[in-house]
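**Q** The following block contains a protein sequence and its predicted model.
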Amino acid sequence: METMDAILTRRSIRKYSPNPVNRDVIENILKAGMNAPSAGDEQPWHFVIIDQHDLLEKISELHPYAKMLKSTPAAVLVCGDQHAPKYKDFWIQDCSAASQNMLLAAHDLGLGAVWIGVYPVEKMIQELRELLNIPAHITPFSMIAMGYPAEEKSGRMRYDPSRIHSNFW
């Protein structure tokens, strides 16, 4: 898939077939995430692959906007490392870039995926830390639910010239 085609046709998919997602496919998606830009090339991210149905169901009960996890074959929790020494306050942008790369890679590999926000909601951060045994210095940031799509959505153009300003506002 060409890059612009992937960007312009990717949509949030929340319905999945029950077919499992192979670990090799997930690993390719993680490679895309880890190749995202990061401040000072610090790469302050960690990833938790979640493919046990009982865990996905528990998370769907904890998170009000993650009901699709009940039927999701796999998800990846993107986390930021608070011990990143050089550019401490940029982990949010870094994990955002990794999350977007993973969404595009999933689309390119024929999967449907959706970004589920976690950070900055402290209650969700703490509940995920406890459920998944995440150390205190690691902050759950986003979750990417993924699977083979059981719904089709066509791309839609969101380009809006009224949002563009040249040189000054």
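**A** Perfect, thanks for sending it. Please read all numbers here as calculations on a predicted model, not as lab measurements.
**Q** contacts and neighbour counts: CA atoms only from here.
**A** Will do.
**Q** Okay, buried residues for whichever helix in the chain runs longest please.
**A** Longest helix in the chain, counting residues (DSSP state H): helix 91-108. Neighbour-count burial for helix 91-108, counted by 16 or more other CA atoms under 10 Å, picks out 91-92, 94-108.
**Q** ditto for stretch 34-54
**A** 34, 36-38, 42-47, 49-51.
**Q** got it, and stretch 24-33?
**A** Those would be I26, I29, L30, A32, G33, for stretch 24-33 by 16+ other CA under 10 Å.
**Q** Check stretch 75-88 too.
**A** So for stretch 75-88, counting by 16+ other CA under 10 Å, buried means A75, V76, L77, V78, C79, G80, D81, Q82, A84, Y87.
**Q** picking that back up, which of the buried residues of stretch 34-54 fall within helices?
**A** Applying DSSP H to those, the entries found in helices are M34.
**Q** Which ones among the buried residues of stretch 34-54 map onto strands?
**A** Using DSSP state E, the members of those that fall in strands are W45, H46, F47, I49, I50.
**Q** OK, contacts around I134?
**A** Contacts for I134 (CA atoms under 8 Å, 6 or more residues apart in numbering) come out as L128.
**Q** pLDDT wise, what is it at?
**A** With respect to pLDDT, I134 has a value of 98.
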